[in-house]
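Here's a sequence, model it:
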Amino acid sequence: MRTDTRKEYTERITLAVQAALKHLDRDPDPRTLADEAGFSRFHFGRVFMAATGETLSEFVRRLQLERAAWRLAHTRQSVAEVAFDASYESHEAFTRAFKSAYLVAPTEFRLRPTRHEIQSPNSVHWWPDGRRSLPEIVLGRDTPMEARLTTVPQWNLVALRHIGPYHEIGPKFGALWQWAQSHGVEIQGALGIWYDDPGATPAHELRSDACLIVADDFELPSRGEGDPDLRLTTVSPGEYAVGTHMGSYEGLGDAWARFCGQALPNLGREVADSPSFEVYVNDCTAVRIEEVRTDLYVRLLPERHDQT
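Numbering: from 1, shown residues only. Here you go, the predicted model:
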């Protein structure tokens, strides 16, 4: 990663981390953090996870527990008050989470307090005076990924909506292929569109579309009995950054984190607030698993040219 690009990303992630620390009394809004740090709302969660080694929700929950442990050891707040301040709705839920992290119940910790810091991959911990709040950026330490530039035309798509974890979209593609075969639809390719940042949105609320690329003049036939609830849509034409993942679809989550956290910074370009998508280049049933290719697409803002 270029030194200037890494420095800029480090500064922006640090801004997001410090903003999250200031708002632990309520779960920080990832959209607000993205705006404050200058990241795309669609990709902030992936960048944050790639840079810190934790999702934003994992990061916040850990720091809330660290603050709770410190307060149990150094204040007279009741366990119920500490639990409420840590954003837990019940004493029981707080006790379960605390015991999972510290191996003792809150009341036992108060009697025999130990170090309040929980092991983390980024060395950020809660302290009342703000010490140890600068993240140790892990950006770019794992397997590198390259990004290339391409121009995408306006593809015409038949889409089937999926709500829930992205990795569970497979049956939607199965239904799409079955529909296409039964109606004799000529398919030019397949892609998945992702509308939410999985690092910042609860898994059960994630929105995505399983899509088939069809001819520009394609018209959706009338819905027959047993047909899925399909619609026509498009991807926005323009300039995109593209990264390639080779191998099982199970590795796509890590591939997206590397792409957004490593490859995109290397381009030195700003990312648009636009849904990302994957193009499935070959048939996973017809090639060896290590030859399965998936291309990751993120739309870019037009390049700025400073006038002199």
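
per-residue pLDDT, the nearest residue to residue 110 once chain neighbours are set aside?
Leaving aside its sequence neighbours, residue 110 sits nearest to residue 72 (C-beta to C-beta, 6 or more residues apart in numbering; 4.5 Å). Just so you know, the C-beta spots here come from the backbone N, C-alpha and C atoms, and that holds for glycine as well. Looking at residue 72, its pLDDT reads 96.

list the contacts for residue 72?
79, 82, 106, 109, 110, 113 (C-beta atoms under 8 Å, 6 or more residues apart in numbering).

Would you write a ChimeraX line that selects the buried entries of these?
Command for ChimeraX, covering only those of the contacts of residue 72 found buried under the criterion 16 or more other C-beta atoms under 10 Å:
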select :79,82,106,109,110
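
closest to residue 16 among the contacts of residue 72?
residue 82 (25.9 Å; C-beta to C-beta).

three-state assignment of that closest one?
helix (DSSP: H, G, I helix; E, B strand; the rest coil).

please begin residue numbering at 9 from this point
Noted, 9 is the first residue going forward, which turns the last one into residue 90.

so it makes contact with residue 82?
No: assessed by C-beta atoms under 8 Å, residue 90 is found out of contact with residue 82, at 11.0 Å.

Domain-wise, how is the protein divided?
As recorded under automatic domain parsing, the domains making up the chain are 11-119, 156-307.

In a markdown table, list those domains along with distance to residue 135.
Formatted as a markdown table, the domains of the chain follow (distance: least, C-beta to C-beta, whole Å):
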| stretch | distance to residue 135 |
| --- | --- |
| domain 11-119 | 8 |
| domain 156-307 | 25 |
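
and among those domains, the most buried is which?
Greatest average neighbour count among those goes to domain 11-119 (a mean of 18), per mean count of other C-beta atoms under 10 Å.

secondary structure class for residue 302?
strand.

Kindly state the beta-bridge partners for it.
residue 253, residue 288 (DSSP bridges).

Check residue 249 too.
The partner residues for residue 249, given DSSP bridges, come to residue 157, residue 306.

ok, it touching residue 268?
No: taking C-beta under 8 Å as the definition, residue 249 is not a contact partner of residue 268, at 9.5 Å.

Need the overlap of contacts for those two.
residue 306.

circling back to that earlier point, can you add distance to residue 226 and give the contacts of residue 80 back as TSV?
Listed next are these as TSV, based on distance: C-beta to C-beta, whole Å:
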residue	distance to residue 226
87	62
90	59
114	60
117	63
118	66
121	66
